[in-house]
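S.K.: using only what follows, build the 3D model:
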Amino acid sequence: MPDAKRIIWIVLIGGVLSFPVFGYDWMDNPGKGSPQDPYQISTPEQLLAINSDLDLLDSHFILTADIDLTGEVFQSALIAPDTDIYEPEYQGVPFTGTFDGRGFCIFNLSFEADQAGLDFLGLFGVLGNSAVIRNLELSAVDIYAPVSFYVGGLAGRVTSATIIQCGVRGQMTAAGLAGGLLGDAEQATIQNCSFSGSLSSGDYSSSYMGGLIGRAFAATVEGCWMSGTMTVGQGYVQAGGLIGGVSSSAVLCSYTSVVMTCGADTAQIGGLVGVFDFSFINNCYCTGSIDASNTSQDIGGLVGQCDSMLFEVKHCYSVCRVTGGGSNIGGFIGFCFPMVVSQCYFLEAGEGGGPDNGLGIPQTAAQLKQKATYEGWDFVGETLYGTSDVWRMCVDGLAYPRLSWQYARRGDFVCPDGINSGDLIALSYSWLSSEHDGIYYRVSVDADCSGRIDLADYTIMAAHWLSY
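M.R.: Below you'll find the model as predicted:
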């Protein structure tokens with residue numbers, strides 16, 4: 001019977017591929033697969049051939065060109081797929097090597113999987129121990145997997161891996177444990193990653209859908225964002241604009257701009273996180289809207305529900321419009337213990353936000369556009385509440401606060417808005433200081449989000465300066 005299952009799986013996969021997966025000889029590759037001399041990937045054939053030899057799954061790879069998969073439709077992950085659709089748990093071999101996109105993009109990755117058991121979908125099925133994926137973009141991703149679990153544009157499941165500077169753009173329909181970037185992340189580090197597009201659960205009653213990550217356990221998610229729409233089907237629970245469910249994790253310096261539509265009897269829905277426990281959410285914000293049915297519950301502009309007192313939500317705000325819903329509906333959090341919400345704010349219902357249920361501090365739009373409202377927050381230019389310069393609001397009355405790294409991406413490091421000699425001075429000051437002891441490192445000057453200030457940040461600033 002196991003041999004028959006493998007034959008069925010091979011037929012399912014082989015029937016949708018036209019590239020000669022097993023025809024590539026890795027001895028002809030310019031690289032050797034080592035950290036110092038990684039294999040070089042520049043064609044679809046080479047990309048698909050990674051899975052042709054299990055010994056390659058702990059090797060090192062780089063992209064050297066954009067890759068277009070137009071016209072191909074897959075039913076299984078391209079790398080490290082599940083190998084037995086009749087077993088509920090993953091039966092394949094995880095990818096444990098490194099894959100550096102070098103800023104190149106994989107276009108038109110498409111899945112059609114409408115059969116139960118076709119799980120662990122994405123570019124990678126499972127990323128295992130010590131795997132590192134960085135600097136990779138996936139564009140025009142199209143995933144239709146209405147009964148599949150562990151689904152993500154980049155990977156279905158991640159365990160003890162690191163994901164840095166990766167982005168996905170596209171659309172997805174999946175059953176559960178699904179996210180625009182990752183379906184499930186355990187003991188993982190996810191930094192400076194994003195998803196933009198649309199996600200839908202259809203009408204399948206399930207759990208854990210996130211704009212970026214379906215579920216995160218013992219993970220650190222930092223400097224990430226999501227922009228797009230989410231459709232949460234009837235009876236679905238634990239859905240969030242960034243992460244559906246968070247446990248024993250930290251969500252830091254991240255944001256969403258999401259429009260969520262929820263079906264009947266949905267629960268634990270939040271603009272940033274659906275439900276979390278034993279975790280921290282610090283320096284995050286959410287914009288957009290959540291439209292819930294009158295039979296939904298635990299709906300919040302930032303968080304749907306908190307499951308324990310051993311957590312903290314600090315220095316966050318929501319200007320997400322929250323409408324509908326039955327019980328436990330809030331402009332900031334639907335349900336939790338109020339003593340663990342610190343210095344957090346939300347737009348009051350009368351001005352297009354959400355209802356006040358005692359969780360978070362309601363404010364008018366005008367108040368939320370004043371720096372003085374945000375007591376204890378670390379803004380660019382002040383030193384009383386820290387020198388990391390997490391938040392930025394150069395002029396009162398114009399806009400809500402934004403995370404300083406959003407400006408730093410284009411080399412705009414300090415107020416006033418725009419790139420000028422002040423940004424060069426800030427870069428020089430932070431560069432020279434951090435070179436000695438790191439004390440004066442500021443996130444607002446880290447243009448490439450590398451965790452250090454160096455020539456790469458200067459290059460980004462100079463390029464944008466000249467474009468003004």
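S.K.: next, the buried residues of stretch 26-41.
M.R.: The neighbour-count check on stretch 26-41 (16 or more other CB atoms under 10 Å) flags Trp26, Asn29, Gly31, Gly33, Pro38, Tyr39, Ile41 as buried. Yep, even glycine has a C-beta here, placed from its N, CA and C like the rest.
S.K.: mind putting the residues you listed into CSV with distance to Asn357 and secondary structure?
M.R.: CSV is the format used below for the buried residues of stretch 26-41 (distance: CB to CB, whole Å; DSSP: H, G, I helix; E, B strand; the rest coil):
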residue, distance to Asn357, secondary structure
Trp26, 59, helix
Asn29, 59, coil
Gly31, 57, coil
Gly33, 55, coil
Pro38, 52, coil
Tyr39, 54, strand
Ile41, 51, strand
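S.K.: what's the span of stretch 374-383, first residue to last?
M.R.: 14 Å (CA to CA, to the nearest Å).
S.K.: then stretch 206-226?
M.R.: Taking CA to CA as the measure, stretch 206-226 stretches 22 Å from start to finish.
S.K.: likewise for stretch 288-298?
M.R.: For stretch 288-298, the first-to-last residue distance is 18 Å (CA to CA).
S.K.: and the strands in the stretch 51-200 of the chain?
M.R.: Listed in chain order, the strands found in the stretch 51-200 of the chain under DSSP state E, counting those that start in this stretch are 60-63, 67-68, 98-100, 105-107, 110-112, 124-127, 132-152, 155-159, 162-179, 182-186, 189-191, 194-200.
S.K.: so which of those strands is nearest Ser76?
M.R.: Closest to Ser76 of the strands of the stretch 51-200 of the chain, according to CB to CB: strand 124-127, at 7.2 Å.
S.K.: other SSEs contacting the closest one?
M.R.: Using 3 or more CB pairs under 8 Å, 6 or more residues apart in numbering; DSSP states H and E as the contact criterion, the elements in contact with strand 124-127 are strand 155-159.
S.K.: mind listing what the strand it packs on pairs with, with the direction of each?
M.R.: For strand 155-159, the paired strands and their directions (DSSP bridges) read strand 124-127 (parallel), strand 182-186 (parallel).
S.K.: dump the buried residues of stretch 26-41 into CSV; add pLDDT and distance to Leu427 as well.
M.R.: Formatted as CSV, the entries for the buried residues of stretch 26-41 read as follows, by pLDDT from 0 to 100; distance: CB to CB, whole Å:
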residue, pLDDT, distance to Leu427
Trp26, 92, 42
Asn29, 94, 39
Gly31, 95, 34
Gly33, 95, 37
Pro38, 97, 31
Tyr39, 97, 36
Ile41, 97, 34
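S.K.: can you lay out those as a markdown table showing distance to Gly354?
M.R.: Output for the buried residues of stretch 26-41, formatted as a markdown table (distance: CB to CB, whole Å):
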| residue | distance to Gly354 |
| --- | --- |
| Trp26 | 55 |
| Asn29 | 55 |
| Gly31 | 53 |
| Gly33 | 52 |
| Pro38 | 48 |
| Tyr39 | 50 |
| Ile41 | 46 |
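S.K.: all helices for the chain, in order.
M.R.: Under the criterion DSSP state H, the chain carries helices at the ranges 2-14, 44-49, 365-368, 404-408, 421-436, 455-467.
S.K.: alpha carbons of the third one, in PDB - could you do that?
M.R.: Okay, so that is helix 365-368. What follows is helix 365-368, C-alpha atoms only, in PDB (Å, rounded to 0.1, in the frame of the first residue of the first chain):
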ATOM      1  CA  ALA A 365      -8.900  61.400  15.200                       C
ATOM      2  CA  ALA A 366      -7.500  64.800  16.100                       C
ATOM      3  CA  GLN A 367      -6.100  63.500  19.400                       C
ATOM      4  CA  LEU A 368      -4.500  60.500  17.700                       C
END
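S.K.: what lies in contact with that helix?
M.R.: Here helix 365-368 makes contact (CB atoms under 8 Å, 6 or more residues apart in numbering) with Tyr317, Val319, Tyr345, Leu347, Glu351, Gly352, Thr373, Gly397, Tyr400.
S.K.: list only those of those flagged as buried.
M.R.: The buried subset of those - by 16+ other CB under 10 Å - is Tyr317, Val319, Tyr345, Leu347, Thr373.
S.K.: in strands, which of those residues appear?
M.R.: Tyr317, Val319, Tyr345, Leu347 (DSSP state E).
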